[in-house]
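Student: Test case, fold it:
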Amino acid sequence: MSAKRSEPKNTPLTAEAVRNFLVKNPEFITQNMELIVDSAVPERDLGEGVVDFQRYMVKNLQKDSQQIKDRYDVLVDFCRDNMSAQTQVHQAALALMKIHSLEQLLEAITQDLLRIFDVDVVRLAMESDVPFDTSYGEQHYSGIVFIEPGMVDVVFDRGKPVCLISDCNETPPPGFEQIFADCDSMIASCALLRLELETIGKHILLAFGVRHKDRFHPGQGVELLRFLAQIVALQMDKYLEEMAI
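Tutor: Alright, predicted model coming up:
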């Protein structure tokens, strides 16, 4: 008959045990600073009429530490988003550089960019004096659309190359219903890029639309989007010029 193995007893945690652990593991506190930041600051009885300034100083240090942590978290998120955008623009640039015709360019803009940037709609909006009837299928709203003459200058106030809208329901950009014809009701956030085409001397804008608000917002950096717009414009100029020869 085998002897019954005794169950280990739960030893109550004492202040001395915690102290001994911290002495043997000094790096524990530096690796878990939130324990100090979140800990309560004990009050000290210094006598009637005596204020414990040390307690208030510690509380202020805790508050400052939390603010620094919050700012650090925002900075990390910003850098992560920026790296993601940079990767997407690089992929888009490579895709646009591999094309060999205007038809392939339009296909890359309305299909490849749709996938690379993970958006719902990509539109090339061109100004035209002649109204054209455009229609899109329910599964694919990307393509070319025609807008009123002068609309591009109105959209890009004071010559700004990029327009970012966080909530199209609250503050839609000028010409919103024209730019996203047939699908404006589903676009909640958008990015509009101005394309400078020397060959045809007309104003064109490249539009990205998504179903969720705050995907694009005015606080975002625009340098990468400006770079993308320049690549698209250069490629369009190149093939339009070849067609004119």
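Student: Okay, residue 171 and residue 27: tell me how far apart.
Tutor: Noted for residue 171: a distance of 50 Å to residue 27, by C-beta to C-beta, to the nearest Å. Any C-beta I mention is one placed from the backbone N, CA and C, and that applies to glycine too.
Student: show me where this protein has helices.
Tutor: Ranges of helices in the chain, per DSSP state H, are 15-24, 27-31, 34-38, 53-97, 102-107, 113-116, 151-155, 176-179, 223-244.
Student: looking at these, which has the lowest confidence?
Tutor: Looking at those, the lowest mean pLDDT belongs to helix 34-38 (a mean of 56).
Student: so residue 195 makes contact with residue 234?
Tutor: No - Residue 195 lies out of contact with residue 234 (C-beta atoms under 8 Å); the separation is 9.5 Å.
Student: Looking only at neighbour counts, state which of those two leads.
Tutor: residue 195 (22 against 15; other C-beta atoms under 10 Å).
Student: Check the gap between the more buried one and residue 28 for me.
Tutor: The spacing between residue 195 and residue 28, counted by C-beta to C-beta, is 57 Å.
Student: try residue 235
Tutor: Distance, residue 235 to residue 28, by C-beta to C-beta: 57 Å.
Student: ok, now which ones touch the nearest residue to residue 186 once chain neighbours are set aside?
Tutor: Leaving aside its sequence neighbours, residue 186 sits nearest to residue 211 (C-beta to C-beta, 6 or more residues apart in numbering; 5.6 Å). The contact partners of residue 211, by C-beta atoms under 8 Å, 6 or more residues apart in numbering, come to 120, 186-188.
Student: if you set the cut-off to 7 Å instead, what comes out?
Tutor: By C-beta atoms under 7 Å, 6 or more residues apart in numbering, the contact set of residue 211 is 120, 186, 188.
Student: what's the neighbour count on the last one?
Tutor: Other residues within reach of residue 188, judged by other C-beta under 10 Å, total 20.
Student: Tell me the spacing between it and residue 216.
Tutor: Taking C-beta to C-beta as the criterion, residue 188 is separated from residue 216 by 10 Å.
Student: same deal with the first one?
Tutor: Here residue 120 is placed at a distance of 12 Å from residue 216 (C-beta to C-beta).
Student: Skipping adjacent residues, who's closest to residue 147 in space?
Tutor: Distances taken as C-beta to C-beta, 6+ apart place residue 178 nearest to residue 147, at 4.4 Å, with adjacent residues excluded.
Student: Report the separation between that neighbour and residue 150.
Tutor: 12 Å.
Student: out of these two, which sits in the busier spot?
Tutor: residue 178 (15 against 11).
Student: Distance across stretch 186-204, terminal residue to terminal residue?
Tutor: Distance across stretch 186-204, first residue to last, is 23 Å (C-alpha to C-alpha, to the nearest Å).
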